[in-house]
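# 3D model of this:
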Amino acid sequence: MEVHNVDLTISAVKPEQYPQTNYPEIALVGRSNVGKSSLTNVLINRRNFAHTSSQPGKTQTLNFYVVEDELYFVDVPGYGYAKVSKKERERFGQMIEKYLTTREQLRGVILLVDGRHAPTDDDISMYQWLQYYDIPTMVVATKIDKVKGNAWNREESLVKKTLGIDKQTPLVLFSAVKKTGKDAVWNWIEEQTGMN
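All right, here's what the predicted structure looks like:
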């Protein structure tokens, strides 16, 4: 999809702050610094629209990006960041869980994992949680340009095996630098949202 118009409309921490539209929504979840902002920027053809931070744990709200006035990308706070207090982590957890389990406009979740390593326990928990709630999920292994080409298959198998990915869950190897995987991600988003 060619994106011309995009806007960060709302940063929300509770349901009454969510956008009051019926646009379909796709949430992006993953560990802090896994590359959610980089993926968003590639998908919307912008260099620094979604703010990438060298400081993990920076996103503390649900950020709603409206795309072409027909779809929202929802950037969810990263999980697994140790410097955030236990109380804060619980608050994030409740905010994220409420959004993912109650939002009628949610059409799917993109779970980002670091393609250079095996998924973490937090990644596994998140994938199993999404499966438990039967939320359509795509797994995107990021930073794949940092992996030698002959090792891509091995990394792909490692991600599938560690997460226990089922046949319904697509896995895409993604590079923000080379735009690898961009079309596959967009195709899945369009399938989930009925856009074309």
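
# quick check: longest helix of the chain.
helix 86-102 (DSSP state H).

# who does that one touch, helix- and strand-wise?
strand 25-30, strand 62-67, strand 106-114 (3 or more CB pairs under 8 Å, 6 or more residues apart in numbering; DSSP states H and E). C-beta: built from backbone N, CA, C; applies to glycine.

# show me how far the first one is from its chain's centre.
The gap between where strand 25-30 is centred and where its chain is centred comes out at 4 Å by CA atoms, centre = their mean, to the nearest Å.

# can you give me the strands in the chain?
6-12, 25-30, 62-67, 71-75, 106-114, 137-142, 171-173 (DSSP state E).

# pick the most buried one from the helices and strands packed on helix 86-102.
strand 25-30 (a mean of 25; mean count of other CB atoms under 10 Å).

# okay, the residue lying closest to Ala118 once chain neighbours are set aside and Leu71: tell me how far apart.
Distances taken as CB to CB, 6 or more residues apart in numbering place Thr162 nearest to Ala118, at 4.8 Å, with adjacent residues excluded. Distance, Thr162 to Leu71, by CB to CB, to the nearest Å: 30 Å.

# contacting residues for the residue most central in space within the chain?
When CA atoms, centre = their mean is applied to the chain, the residue found nearest the centroid is Leu28 (2.0 Å). By CB atoms under 8 Å, 6 or more residues apart in numbering, the contact set of Leu28 is 36, 39-40, 73-76, 109-110, 112.

# give me the distance between Glu25 and Val66.
10 Å.

# name the residues contacting each of the two.
Contact criterion CB under 8 Å, 6+ apart; residues shared by Glu25 and Val66: Tyr72.
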